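*Asks:* build me a model from this:
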Amino acid sequence: MSNEPLSDESAHDLEIERLRTELHAARGALGDFAYAVSHDLRASLRHILSYAALLREEMGPVLPGEAAGYLDTIQGASRTLGQQIDGLMAWSQLDRTELQVQELDAATLIAEAQAQLAEACAGRSIVWQIQDGLPVLFGDAALLRQLFVHLLSNAIKFTRGRAPAEIAIRAELAPEGWVTYTVADNGVGFDPVRQHKLFHVFQRLHGASQFEGLGLGLGLARKIVERHGGSIRAEGAPEAGCRVSFTLLRAV
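*Replies:* Numbering: from 1, shown residues only. Below you'll find the predicted structure:
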């Protein structure tokens with residue numbers, strides 16, 4: 001056996017192979033976690049909902065004291081937990097999905113996202129300001145479409161009450177083959193002091209009584225952007241709208 005030291009190139013290849021092995025193991029562990037979440041936790045959740053429904057049926061239409069309210073709370077919290085489990089599954093799957101990278105027309109992705117959100121826009125006065133000639137992107141079509149759905153859904157939600165709501169999408173070329181996209185709105189904005197919480201899972205900057213949702217969309221958006229090697233940030237102020245900017249590779 002040769003005792004000669006490895007060349008820099010060979011050492012680099014070995015390190016890459018080691019990292020690939022670790023990544024494969026991590027994805028396997030994540031798959032086990034996802035199975036436990038989807039199977040074991042859902043089974044317990046189904047039991048809670050089933051027995052709450054049986055109890056309501058057993059007690060009849062008129063429940064004593066505050067029992068009806070207690071059951072409403074149990075069932076409502078269980079449904080929320082089910083949605084959170086769905087969110088965790090979506091979060092974990094983003095790490096396991098193999099990227100199918102290709103050149104993508106950003107305007108088409110945005111139009112498809114708008115079509116998915118048509119119901120949320122129904123009856124609303126929304127002025128869309130979408131830059132012409134948006135740069136062609138390089139990434140996974142399904143994930144980047146999902147990215148725009150999350151960001152536009154966020155803008156639609158938090159401009160509720162604005163007449164009209166204004167949502168703008170623009171892009172600016174960045175160095176070394178990157179492009180920065182910005183989604184801006186004239187909505188309720190947020191307190192900059194709490195900005196660090198924006199992109200974390202299940203973090204909400206507004207009360208559930210004001211705006212529906214689990215505080216998951218921006219967390220998923222961050223994960224999608226990071227899977228493409230980019231970064232994401234947000235700027236805003238109370239009652240002064242929000243600007244979410246993210247960098248992605250552009251097709252050159």
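*Asks:* what residues sit buried inside the top strand by length along the chain?
*Replies:* As assigned by DSSP state E, the longest strand anywhere in the chain is strand 165-174. By 16 or more other C-beta atoms under 10 Å, the buried positions in strand 165-174 come out as 165-169, 171. C-beta: built from backbone N, CA, C; applies to glycine.
*Asks:* what's the first helix or strand after that strand?
*Replies:* As assigned by DSSP states H and E, the chain's next helix or strand after strand 165-174 is strand 178-185.
*Asks:* how about residues contacting that following strand?
*Replies:* 106, 134-135, 137, 151-152, 155, 158-159, 165-174, 230, 241-250 (C-beta atoms under 8 Å, 6 or more residues apart in numbering).
*Asks:* repeat that for stretch 73-81.
*Replies:* Stretch 73-81 is touched from outside by 45, 48-49, 52-53, 214, with contacts defined as C-beta under 8 Å, 6+ apart.
*Asks:* minimum pLDDT in those residues, which residue is that?
*Replies:* In this model, the minimum pLDDT among these belongs to Leu214 (55).
*Asks:* all strands for the protein, in order.
*Replies:* Along the chain, the stretches classed as strands by DSSP E are 101-104, 126-130, 137-140, 165-174, 178-185, 232-236, 242-249.
*Asks:* least confident of those strands, on average?
*Replies:* Among the strands of the chain, strand 232-236 carries the lowest mean pLDDT (a mean of 90).
*Asks:* can you tell me which of the contacts of stretch 73-81 are in helices?
*Replies:* Judged by DSSP state H, the subset of these located in helices is 45, 48-49, 52-53.
*Asks:* ok, the residue nearest to the spatial centre of the chain - contacts?
*Replies:* The residue lying closest to the centre of the chain (C-alpha atoms, centre = their mean) is Leu220, at 2.3 Å. By C-beta under 8 Å, 6+ apart, the contact list for Leu220 reads 87, 90-91, 94, 146, 150.
*Asks:* put the buried members of those into a ChimeraX selection.
*Replies:* Selection of buried members from the contacts of Leu220 for ChimeraX, criterion 16+ other C-beta under 10 Å:
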select :87,91,94,146,150
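*Asks:* now the two most distant members of the contacts of Leu220.
*Replies:* Gly87 and Gln146 (13.1 Å; C-beta to C-beta).
*Asks:* I'd say Glu103 and Ala141 touch.
*Replies:* No. Look at Glu103 against Ala141 with C-beta atoms under 8 Å: they stay out of range, at 9.7 Å.
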